[in-house]
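Asks: Quick one, fold the following:
(2 chains)
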Amino acid sequence: MAEMISMRIAYGKALVELGRTHPDVVVLSADVANSDHSYMFGDAYPDRFFNVGIAEQSLVDVAAGLAFSGKVPFANTFAFLFATRALEMVRSHLCYGGAHVKLMGAYGGLSDSFDGPTHHSITDVAIMRALPNMTIVVPSDPVTLTKLLPQVADWSGPVYMRLNRNEVPVLYGDDCAPVLGQAIVAREGRDVTLIGSGIMVSRCLAAAGELAAGGIQARVLDLHTIKPLDEETVLAACRETGAIVTAEEHSIVGGLGGAVAELVADRHPVPVKRVGLADRFAETGPYADLLDRYGMAAADIVKAAQAALAAKERVG
Amino acid sequence: MHYHPESLIVDISARAQMARIQVLKMIYAGQTGHLGGALSCAEILAALFFHHLRLDPQRPDWPDRDRLLFSKGHACAMLYTMMAYRGYFPVEELMSFRRLDSRLQGHPDRLKLPGIEVAAGPLGHGVAIGAGMCLAAKMDPRARAKPSAFAAPSAQASPWKVYTVLGDGELNAGVIWEGVMTAAKYRLGNLTAIVDYNGIQQTGATADVMPTEPIADKWAAFNWHVQEIDGHNVGEILGALDRADEVHARPSVIIARTTKGKGVSYMEYDHRWHGAPPNQAQYEQALAELEEGLKPWQK
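Replies: Take a look at the predicted model:
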């Protein structure tokens, strides 16, 4: 059993370290800093931390003003609020206006499970992905989160980083060197490829283990950067394995699955099965139970892989 | 507060009226654009561009420039005209307004046209973005240095200042008031908002569409320093901008009472001229009236 580490605590620590190495980084909060743990940055660098109150539109606009003046702002609030309430600010000033603001979307997916569907964020990736010039990062574990955060700061342009609230399995060792924009091959395989983001990478790895027991060798890609999409690695998976399963903690409409399906349909058609939340809202409950109940269990990935393989054989 | 000689006031007033004529020509030629709110803010922008703002048109990205955030972006024909008059780009380019391949987009694009600080058009952004800029200015090491005994406090408070021009209809937007609270919380004395209070928005009088009065009381209640002036009186505008700069512990707002469609008799106070271009007969009458309005400043 992999070690479990809280993503929000890992984030708070990484943010403090970022503040040490990047003097131009400033952090903004819409008064949820003790939820997302950005308060740790505020404790370390009080002069570089701004709480603008429960005002997400202003949060993004104030961050844009700081970015236009040479700072590297990390704006923090719940993921769904960036993608819904503050969306016009994101579009007009980050994506169109070019403000290099980094949006830290806390409590992504179903990870704020007990607060229910009002707080779940199941359409944020689709919404952000539709915006020109946006970069979308969904780290799968504390190691990739910690190593990608400085790259997010240095990245030219706005970034939306979606963060998990909870303890998640540590997938990688310290030798892992993730690069923004490049998928990680988390497991090799030739029969089918499972492409996951966030918490679903760990479930893809579990599914790959089950498939291996049945003689199926599944490749697993950790697609931590959903936009820009690592087309080369995904197309190589199409060529070399001939069947794709996507797995995301998100609606199956327009997110990781949508991005992969669009690319595959255009460039190298092979069967694609999407695992995620069917186009609907979830409900309140324990996190792992919600993922299982709403179609994101490892068993769902296994089933999707078998269906993709069957389709591949029909085509092949 | 500085003394503003009559010659300066006459010069700025003349430029404002010339800019009205230019804006009329641009919007008539292209048959697209927003006249009413452009005509109402001519003196405000002329006073900023031709006297108050510290800027260098040859270096639009000069780090120590004052920032002008033109929040009521739909009226950008007037902004572009003032920028051209001030030397940011050739005056001839103004006639490309809203044409294909133009840098003068329908609403301002900060990446296309150097000197534009912020994309505008969707309303309500000027105060909050300005607050972010002011926070950055106050983080500048020079802003934190202890002022010498002889330096004016304003010289040390912020290496540069932020001015944002808002419409009165724009004050309907909730994010304006979010930004207003943030600016007050952080005591952003380096931020000044100027409300082009022309009393008309797209579909009617602001008093009918969404009443905003008592507007001065609202800003005061949010702990802003408030002034109310005649927004077509250049002497009053210059004086109010100076006084706003002298307030260091809180942000300032200048409620500039103006007339929508100023200078064209049939456009004044009429919301139908918010976004409609004139036909030939209307254009000729408007041109004649605006040229007549220039004469008092040319004697």
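Asks: what about the residue nearest the centre of chain B, which SS state?
Replies: Nearest to the mean C-alpha position of chain B, counting by C-alpha atoms, centre = their mean, stands B:V165 at 3.7 Å. For B:V165, the assignment made with DSSP: H, G, I helix; E, B strand; the rest coil gives strand.
Asks: Might one say that it is in contact with B:E43?
Replies: No. In this structure B:V165 lies outside contact range of B:E43 using C-beta atoms under 8 Å: 11.5 Å. No exception for glycine: its C-beta is placed from N, CA and C like everyone else's.
Asks: so what pLDDT did the residue nearest to the centre of chain B get?
Replies: Note on B:V165: pLDDT of 98.
Asks: Enumerate every residue touching the one residue in the stretch 1-150 of chain B that gets nearest to chain A.
Replies: When scored by C-beta to the nearest C-beta, the stretch 1-150 of chain B has B:G132 as its residue closest to chain A, at 2.2 Å. By C-beta atoms under 8 Å, 6 or more residues apart in numbering or on different chains, the residues touching B:G132 are A:61-69, A:73.
Asks: Let me see the backbone angles for it.
Replies: The phi and psi values for B:G132, taken as degrees, to the nearest 10, are phi -60, psi -40.
Asks: roughly how far apart are it and B:Q298?
Replies: 42 Å (C-beta to C-beta, to the nearest Å).
Asks: measure stretch B:271-288 end to end?
Replies: 21 Å (C-alpha to C-alpha, to the nearest Å).
Asks: ditto for stretch B:50-70
Replies: Stretch B:50-70 has an end-to-end distance of 16 Å (criterion: C-alpha to C-alpha).
Asks: in it, what counts as buried?
Replies: B:50-53, B:55, B:57, B:60, B:65-70 (16 or more other C-beta atoms under 10 Å in any protein chain shown).
Asks: before we move on, back to that, what's the helix or strand for the closest residue to the residue of the stretch 1-150 of chain B closest to chain A other than its chain neighbours?
Replies: Spatial nearest neighbour of B:G132, excluding adjacent residues (C-beta to C-beta, 6 or more residues apart in numbering or on different chains): A:G65 at 2.2 Å. Per DSSP states H and E, A:G65 falls inside helix A:56-68.
Asks: Which elements pack onto that helix?
Replies: Judged by 3 or more C-beta pairs under 8 Å, 6 or more residues apart in numbering or on different chains; DSSP states H and E, helix A:56-68 is in contact with strand A:25-29, strand A:72-78, helix A:79-83, helix A:87-89, helix B:126-139, helix B:174-185.
Asks: same thing but at 6 Å, please
Replies: Counting contacts by 3 or more C-beta pairs under 6 Å, 6 or more residues apart in numbering or on different chains; DSSP states H and E, helix A:56-68 is packed against strand A:25-29, strand A:72-78, helix A:87-89, helix B:126-139, helix B:174-185.
Asks: Quickly list the domain ranges of chain A.
Replies: What automatic domain parsing lists as the domains of chain A is A:4-169, A:184-315.
Asks: Strands along chain A, start to end?
Replies: Using DSSP state E, the strands of chain A run over residues A:4-6, A:25-29, A:49-51, A:72-78, A:102-106, A:135-137, A:159-162, A:167-169, A:184-187, A:192-196, A:218-222, A:225-227, A:244-251, A:272-277.
Asks: Apologies, that question was intended for the stretch 1-150 of chain B.
Replies: B:67-70 (DSSP state E, counting those that start in this stretch).
Asks: I'd like the distance between A:E262 and A:I226.
Replies: With distances taken as C-beta to C-beta, A:E262 is found 12 Å from A:I226.
Asks: How about B:T259?
Replies: For B:T259, the distance to A:I226 - C-beta to C-beta - is 51 Å.
Asks: Settle it for me: which of the two has more neighbours?
Replies: Shown here are B:T259 and A:I226; by other C-beta atoms under 10 Å in any protein chain shown, A:I226 has more neighbours (28 against 20).
Asks: Tell me how far that one lies from chain B.
Replies: 24 Å (C-beta to the nearest C-beta, to the nearest Å).
Asks: Just the pLDDT for the residue nearest to that residue when sequence neighbours are not counted.
Replies: Nearest residue to A:I226 in three dimensions, chain neighbours excluded: A:I136, at 4.4 Å (C-beta to C-beta, 6+ apart). For A:I136, the pLDDT comes out at 98.
Asks: Distance check, A:I136 against A:V159.
Replies: Distance from A:I136 to A:V159, by C-beta to C-beta: 8 Å.
Asks: can you check A:D292 too?
Replies: 31 Å.
Asks: These two - which one has more neighbours?
Replies: Between A:D292 and A:V159, counting by other C-beta under 10 Å, A:V159 is the more crowded of the two (25 against 16).
Asks: thought the more buried one was touching A:T135?
Replies: Yes. Between A:V159 and A:T135 there is a contact under C-beta atoms under 6 Å: 4.6 Å.
Asks: Which residue does chain A have closest to chain B?
Replies: Counting by C-beta to the nearest C-beta, chain A gets nearest chain B through A:G65, at 2.2 Å.
Asks: So what's the residue count around that residue?
Replies: 34.
Asks: How about the contacts made by it?
Replies: Going by C-beta atoms under 6 Å, 6 or more residues apart in numbering or on different chains, A:G65 touches B:129, B:132-133.
Asks: biggest helix in chain B by residues?
Replies: For chain B, the helix with the greatest residue count under DSSP state H is helix B:6-30.
Asks: any idea how far that one is from the chain center?
Replies: A distance of 14 Å separates the centroid of the chain from that of helix B:6-30, by C-alpha atoms, centre = their mean, to the nearest Å.
Asks: does A:L103 really touch A:G157, like I thought?
Replies: No. Counting by C-beta under 6 Å, A:G157 is not a contact partner of A:L103; they are 11.7 Å apart.
Asks: In terms of neighbours, single out the busier of those two.
Replies: The neighbour comparison of A:L103 against A:G157 (other C-beta under 10 Å) goes to A:L103, with 29 against 14.
Asks: any idea how far the more buried one is from A:D141?
Replies: 20 Å.
Asks: again, but for B:A120
Replies: Counting by C-beta to C-beta, the gap from B:A120 to A:D141 is 41 Å.
Asks: do A:L223 as well
Replies: 14 Å.
Asks: What of B:R15?
Replies: Counting by C-beta to C-beta - B:R15 and A:D141 are separated by 61 Å.
Asks: Between those two, which is the more surrounded one?
Replies: Each of B:R15 and A:D141 has its neighbours counted (other C-beta under 10 Å); A:D141 has more, 27 against 23.
Asks: Contacts only, for the residue in the stretch 151-299 of chain B positioned nearest to chain A.
Replies: Here the stretch 151-299 of chain B gets closest to chain A at one residue, B:E178, 3.4 Å apart by C-beta to the nearest C-beta. B:E178 makes contacts with A:55, A:58, as judged by C-beta under 6 Å, 6+ apart.
Asks: go with 8 Å
Replies: Contacts of B:E178 (C-beta under 8 Å, 6+ apart): A:52-53, A:55, A:57-58, B:128.
Asks: Including neighbour count, could these go into a markdown table?
Replies: Converted to a markdown table, those look like this (neighbours: other C-beta atoms under 10 Å in any protein chain shown):
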| residue | neighbour count |
| --- | --- |
| A:V52 | 29 |
| A:G53 | 14 |
| A:A55 | 24 |
| A:Q57 | 25 |
| A:S58 | 32 |
| B:A128 | 33 |
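Asks: from the residues you listed, which is closest to B:G199?
Replies: Using C-beta to C-beta, B:A128 comes nearest to B:G199 of the contacts of B:E178, at 24.2 Å.
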